[in-house]
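K.L.:
here is my input, please return the structure:
(one chain, ligands or ions: 2)
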Amino acid sequence: MCDAKYDILFEPLAIGPHVAKNRFYQVPHCNGGGYRDPSAAAAMRGIKSEGGWGVIFTEQTEMHHTSEITPFIELRLWEDKDIPGLRRMSDAMKVHGALAGIQLAYSGINGPNFYTKEVPLAPSALPIRTFTNDPVQARALDRTDIRNLRRWFVNAAKRSKIAGFDLICLYGAHGFGIFQHFLSRATNQRTDDYGGSLENRSRFAREVVADIREAVGDTTAITMRVSLDETIGELGFSNAEVREFVEMNADLPDLWDLAHGAWEDCSGPSRFKEEGAQEILVKGIRELSTKPVVGVGRFTSPDVMARMIRQGVLDFIGCARPSIADPFLPKKIEEGRIEDIRECIGCNMCITGDMTMSISRCTQNPTFMEEWRKGWHPERMNAKGESQTVLVVGAGPAGLEATRALALRGYDVTLAEATTTLGGRVARERLLPGLSAWGRVVDYRQYQISQRTNVETYFDSRLTAEDVLGFGFEHVAIATGSHWRRDGVARQHVVPMPIDPGMTLWTPDDIMAKIHPENLAGKTVVVYDDDHYYMGGVMAEVMAKAGATVILVTPSAYVSDWTRNTLEQGAIHVRLDDLGVDIRLNRGVTAIRAGEVETNCTYTGRRKAIGCDAVVMVASRLSEDALYNDLLARQADWRDAGIRTVEIIGDASAPAPIAWATYAGHRYARELDTPDIGDALPFRREVTQLEPA
Ligand SMILES: Cc1cc2nc3c(=O)[nH]c(=O)nc-3n(C[C@H](O)[C@H](O)[C@H](O)COP(=O)(O)O)c2cc1C
Ligand code: SF4
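P.N.:
Ligands and ions are numbered 1, 2, ... in the order given. Presented below is the predicted three-dimensional model:
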């Protein structure tokens, strides 16, 4: 039963000619699949419909071939041929009563057109603005181009209607959509009646909305997505100008979709942004228009959501990541199952699917983008197989997810943990600065497991092969995690580097175990980062906060290089700089001696010593696979012990980010007792249909 205080979230509200059944609005988000994996993307949206969302959007859809963002994989609506794929998606969105929305993107100054080889068009002739500083410039749209572009929008709107969409979102946020390029004085330096005053800069938006309204407005709602503050300096489209723009064009779209600055700001990770962080920027905009407003802010708390509506800050609760982590979030609130919400941890792993043009993962929801590929449902497991008992060794993210999912399938699960807490690496890492929200990986699973009568958990249970053989479980999953290496082996060094025992050396495990002095004032610590994800930056932060003079040395050209994929890299650099960390890029470490670290330039090899008192070695990790190997050595004894299978999963198998571990745990649970598929592909995939030769 829904708690009455959340009833407000389930009140229907009109958007143009349609009525959304509730206030849960899945804002556009990509998924790394896009046009390459249309059925996988459609099934993912269908699950959200089942989960109770009132409005569900596609990701950005390139609406004309003269503007595309290759290598990124989004959707395309370039010709009628694209309609069936999109129809599959809108159909899936609507099965359980959601409104289906499509986001039309003309990328303008953001589209290098690598695939189509067309000359990019933008309000002003400037270099293309992408993550990769592509050496391409855009030509300024002339009046004919603008007329053409207006017609292309109408064509795309008509195709969207045929494809079954109820809502069209015009993309003008995150620096990615042409409407923003016209609105911002940074990207619009025109001197004609499309440039200069705000009224002129909004002309293009007004014209396109009017054109689309005339073409499909009777059946299709038009929404406009703008950034609350472009955050690119004085010339950027500021929060004050956004307010002026909305006031000036109060009734222009059927709904205002308020995103937050650049994409890095809007999808701010929990390490740097709280839930609802944009409230101050969004507050008061609703009063400037008679049209409803949707806003975002990694909303996972129904209390915060209800307050946003009650206080008139927003009309719709926009969610991207919370809808990925838990597609059933609205349903769970409606059914009064708040404790069952799988809260987004704000790690931004989902974004890496887009950034790496692969297919997205979610740390919390291993079924994300596997709904069609593997038939995985986020709330339901496949039926139990013929066996009954499973021993899971290790209660880190892999072990916890395996336990939760196996229990849901109906197995009797025994979870043995060597320490006195659940969570493994997450239990330790959640105590690091900025990472407390990551603890939700444990909290969600701990609660779910506590609700099951078919799980028994044993702490302080460091098992030997002999112990395991003595228990007689049918299946054994080894999820014993990993530990950080102290010998420097990672990318620069594939064999141990020379390290003098006279130097104090800590690994991240040591720092998390707090074996270092609390006060490091007067000490110089070198953090060597050859891991390149978040840990090196976090270690530098811990050391700086303990008072040390910190020098971060990394062979990469960026601090925490891989976090460019989670959109955190810039914020990490700023934080370290603010803490006074001395960042030395493109430098490796060749030797660690008593009192100094010898570094080398990754290009020239030139060496330079840095005097220091201690080193934090952030290299690679070693699997804790001793128990697994001992059991393998005793394979001849398994049958007598009643053991049918022993498998190693998660970091114990091969260390990787937490999302890999929850995926491995989930996969283990799904595949137990299922037929051997031999050499067949373990997922479905779509192969592009060949045109006649
Ligand atoms: C994986 C991912 C992909 C996104 N892709 C888009 C997109 O295609 N178009 C868009 O307007 N916003 C996109 N966004 C931004 C979201 O719509 C949203 O504004 C932002 O993530 C903040 O909402 P949240 O805190 O609920 O995640 C994306 C966000 C994520 C996490
Ligand atoms: S990957 Fe991380 S940020 Fe993205 S939805 Fe999942 S938990 Fe949230």
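
K.L.:
and residue 91, helix, strand or coil?
P.N.:
Taken by DSSP: H, G, I helix; E, B strand; the rest coil, the conformation at residue 91 corresponds to helix.

K.L.:
quick one: the closest residue to it other than its chain neighbours from ligand 2, how far?
P.N.:
Here the nearest residue to residue 91 in space, its sequence neighbours aside, is residue 164; by C-beta to C-beta, 6 or more residues apart in numbering that works out to 6.2 Å. C-betas here are computed from N, CA, C, even on glycine. Using C-beta to the nearest ligand atom, to the nearest Å, one obtains 27 Å as the distance from residue 164 to ligand 2.

K.L.:
just give the number of residues close to residue 196.
P.N.:
For residue 196, the number of neighbouring residues by other C-beta atoms under 10 Å comes to 14.

K.L.:
I'd like the distance from stretch 41-50 to the chain centre, please.
P.N.:
Here stretch 41-50 is found 17 Å from its chain centre; the criterion is C-alpha atoms, centre = their mean, to the nearest Å.

K.L.:
same question for that stretch, mean pLDDT?
P.N.:
If you average the pLDDT over stretch 41-50, you get 98.

K.L.:
name the residues of that stretch that come out as buried.
P.N.:
Neighbour-count burial for stretch 41-50, counted by 16 or more other C-beta atoms under 10 Å, picks out 41-50.

K.L.:
so what's the residue count around the nearest residue to residue 127 once chain neighbours are set aside?
P.N.:
Nearest in space to residue 127, with sequence neighbours left out and distances taken as C-beta to C-beta, 6+ apart, is residue 137 at 5.1 Å. Neighbourhood size, residue 137 [other C-beta under 10 Å]: 14.

K.L.:
residue 137 and residue 129 touch, don't they?
P.N.:
No: with contacts counted by C-beta atoms under 8 Å, residue 137 stays clear of residue 129, the gap being 10.6 Å.

K.L.:
ok, back up a step: closest to residue 622 out of the buried residues of stretch 41-50?
P.N.:
Within the buried residues of stretch 41-50, proximity to residue 622 (C-beta to C-beta) peaks at residue 44, which comes in at 35.3 Å.

K.L.:
name the SS class of whichever residue of the stretch 351-500 of the chain sits closest to ligand 1, please.
P.N.:
Closest to ligand 1 within the stretch 351-500 of the chain is residue 351: 4.5 Å, counting by C-beta to the nearest ligand atom. Assigned by three-state DSSP, the conformation of residue 351 is helix.

K.L.:
and this structure, which of its residues are near ligand 1?
P.N.:
With the criterion set to C-beta under 6 Å from any ligand atom, the chain comes near ligand 1 through 27-30, 59-60, 103, 171, 173, 225, 259, 266-267, 296-298, 319-322, 350-351, 354.

K.L.:
try it again at 5 Å.
P.N.:
In this structure, the chain approaches ligand 1 at residues 27-30, 59-60, 259, 266-267, 296, 298, 319-321, 350-351, judged by C-beta under 5 Å from any ligand atom.

K.L.:
show me which of those residues is closest to residue 362.
P.N.:
Looking at the residues of the chain next to ligand 1 and their distance to residue 362, the nearest is residue 350, at 5.1 Å (C-beta to C-beta).

K.L.:
next, count neighbours for the closest one.
P.N.:
Using other C-beta under 10 Å, residue 350 is surrounded by 27 other residues.

K.L.:
please apply the same query to residue 38.
P.N.:
Each residue near residue 38 was counted by other C-beta under 10 Å, and the total is 20.

K.L.:
residues touching it, list them.
P.N.:
In this structure, residue 38 makes contact with 85-86, 88-89, 686, judged by C-beta atoms under 8 Å, 6 or more residues apart in numbering.

K.L.:
mind running it again at 10 Å?
P.N.:
Residues near residue 38 by C-beta atoms under 10 Å, 6 or more residues apart in numbering: 75-76, 82, 84-86, 88-89, 372, 686.

K.L.:
before we move on, back to that, shared neighbours, residue 137 and residue 129?
P.N.:
Shared contacts of residue 137 and residue 129, defined by C-beta under 10 Å, 6+ apart, are found at 109, 112, 122.

K.L.:
just give the nearest non-adjacent residue to the first one, would you?
P.N.:
Closest residue in space to residue 109, ignoring its immediate chain neighbours: residue 122 at 4.0 Å, by C-beta to C-beta, 6+ apart.

K.L.:
so the one you found bridges to which residues?
P.N.:
For residue 122, the beta-bridge assignment (DSSP bridges) gives partners residue 140.

K.L.:
measure it to residue 129 for me?
P.N.:
In this structure, residue 122 and residue 129 are 9 Å apart, going by C-beta to C-beta, to the nearest Å.

K.L.:
same question, residue 586
P.N.:
Taken as C-beta to C-beta, the spacing of residue 586 relative to residue 129 amounts to 25 Å.
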